[in-house]
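S.K.: dropping a prediction and its sequence here:
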Amino acid sequence: MSKVTLLALMNGILLLALTLADFFHFLHFNLVFSYQWHKILHLVGVVLMMGNMVVGPIWFSYAYYSGDKKLFVFAGRLLQITDMWLTLPGIFLTVINGLCLAAAFGGTRNGPDWLFWSVIALIAMWALSMPILFLQEKMYQALAEEPSDDLKIRKLIVQWGIWGTLVMLPPTLIFYWMVMKRV
């Protein structure tokens, strides 16, 4: 298992545990900084996470359809690097600062409905993320060991695209609820 996949699993388990601990009142997050700073950090996290989740597959697909094997192998490696340095910190900033901000609204469980449903959607995102992590691991391995096996790689890319689209639905809903909430 690659370092990126292992870190993604650990990050997901940690953030899921913290979210559930807050939701079930085992742990309570408060504002560490001002509300405005937490909001800025939360939005930076959203931009990093969702930006990479949207843009990464676009240029990865472009590299695949270019037919240039070296470009495609490079794109696979770059996808791992951007997941490590953009998506993972983005998710971390989004969730931790979101939990701190939720305290200002009464918490994830006792606050407004959009917070409750955001936690449910976050759990769904993590559940949907597990298969994609293992698909990415297979894809990275195939790119490294058998980059000319087009059929195998194409099958993995199609599965990755389907799961990736499903994984994007919960954070897109959360983003919508966050922006459209009534305050």
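M.R.: Arrived safely, thanks for sending.
S.K.: for Y140, see how far away F92 is.
M.R.: As judged by C-beta to C-beta, to the nearest Å, F92 and Y140 stand 22 Å apart. Every C-beta, even on glycine, is put in place using the N, C-alpha and C of the backbone.
S.K.: how about P89?
M.R.: P89 sits at a distance of 20 Å from Y140 (criterion: C-beta to C-beta).
S.K.: counting neighbours, go ahead and name the busier of those two.
M.R.: More neighbours surround Y140 than the other of P89 and Y140, with 19 against 16 (other C-beta atoms under 10 Å).
S.K.: now do the more buried one, the pLDDT please.
M.R.: Y140 carries a pLDDT score of 86 in this model.
S.K.: contacting residues for the residue sitting furthest away from the middle of the chain?
M.R.: Computed with C-alpha atoms, centre = their mean, the residue of the chain farthest from its C-alpha average is S148, at 29.3 Å. Contacts of S148 were listed using C-beta atoms under 8 Å, 6 or more residues apart in numbering, and they are K69.
S.K.: same thing with the one 3 residues further on?
M.R.: The contact partners of L151, taken as C-beta under 8 Å, 6+ apart, number zero.
S.K.: can you mark which positions in the host helix or strand of it are buried?
M.R.: L151 is part of helix 150-180 when elements are defined by DSSP states H and E. In terms of neighbour count (16 or more other C-beta atoms under 10 Å), helix 150-180 has its buried residues at 153, 156-157, 160, 163-164, 166-168, 170-171, 173-175, 177-178.
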